[in-house]
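Chemist: Requesting a structural model of the entry that follows:
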Amino acid sequence: MNHVTPATAIALKEAGFPQPSPMFGQIWYDLGAKQILIIAHNVGKSGRSGWSDGVSTGLYENEFVPGGIFAPTAVELLESLPPKTLAGFNNGEWSVMPAGTEMVYNHGNLAEAAAMAWLALNKKT
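Modeler: The predicted model follows:
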């Protein structure tokens, strides 16, 4: 899995991680974070896009999923961390160490490790 879990997506949203406009290739969770929605295709010249949850498909125009929760990928999360942040893989786990800190965040999923780092750096006091 190259994106975060529903629980992490919720935590990121609540902590202020950007929630972009839906675009092709993104992963989103529905309001209850129970279904995964993948922005799968563009439909003709109408500008509408499609989504799929693995069971059904649908179209949206302006509103995708009101209150939907963006599930960022590892790349999107790493790009949101300070320059010179380190990431590596060792003994079956990914490690992320944000630049300027001595903290290391480990997880079997790189997106989750990067999310842990982002959440620590953006903790609301």
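Chemist: can you give me the helices for this structure?
Modeler: For the chain, the helices defined by DSSP state H cover 6-14, 74-80, 110-121.
Chemist: can you list the domains in this structure?
Modeler: With automatic domain parsing as the criterion, the domains of the chain are listed as 18-70, 74-121.
Chemist: tell me the mean pLDDT over the last one?
Modeler: With pLDDT averaged residue by residue, domain 74-121 scores 96.
Chemist: Between the two ends of that domain, how far is it?
Modeler: End-to-end distance of domain 74-121 (Cα to Cα, to the nearest Å): 16 Å.
Chemist: Please apply the same query to stretch 3-20.
Modeler: End to end - Cα to Cα - stretch 3-20 spans 15 Å.
Chemist: What are the buried residues along it?
Modeler: 3, 4, 5, 6, 8, 9, 11, 12, 13, 17 (16 or more other Cβ atoms under 10 Å). Where you see a C-beta, it was placed from the backbone N, CA and C, and this is true even at glycine.
Chemist: Pick the one among the residues you listed closest to residue 24.
Modeler: The closest of the buried residues of stretch 3-20 to residue 24 turns out to be residue 3 (Cβ to Cβ; 14.7 Å).
Chemist: if I read this right, the closest one contacts residue 25, doesn't it?
Modeler: No - Residue 3 lies out of contact with residue 25 (Cβ atoms under 8 Å); the separation is 10.7 Å.
Chemist: Do you know the pLDDT at residue 48?
Modeler: Value listed for residue 48 in the pLDDT field: 51.
Chemist: which one of the helices of the chain lies closest to residue 89?
Modeler: For the helices of the chain, proximity to residue 89 was assessed by Cβ to Cβ; helix 110-121 is nearest, at 7.8 Å.
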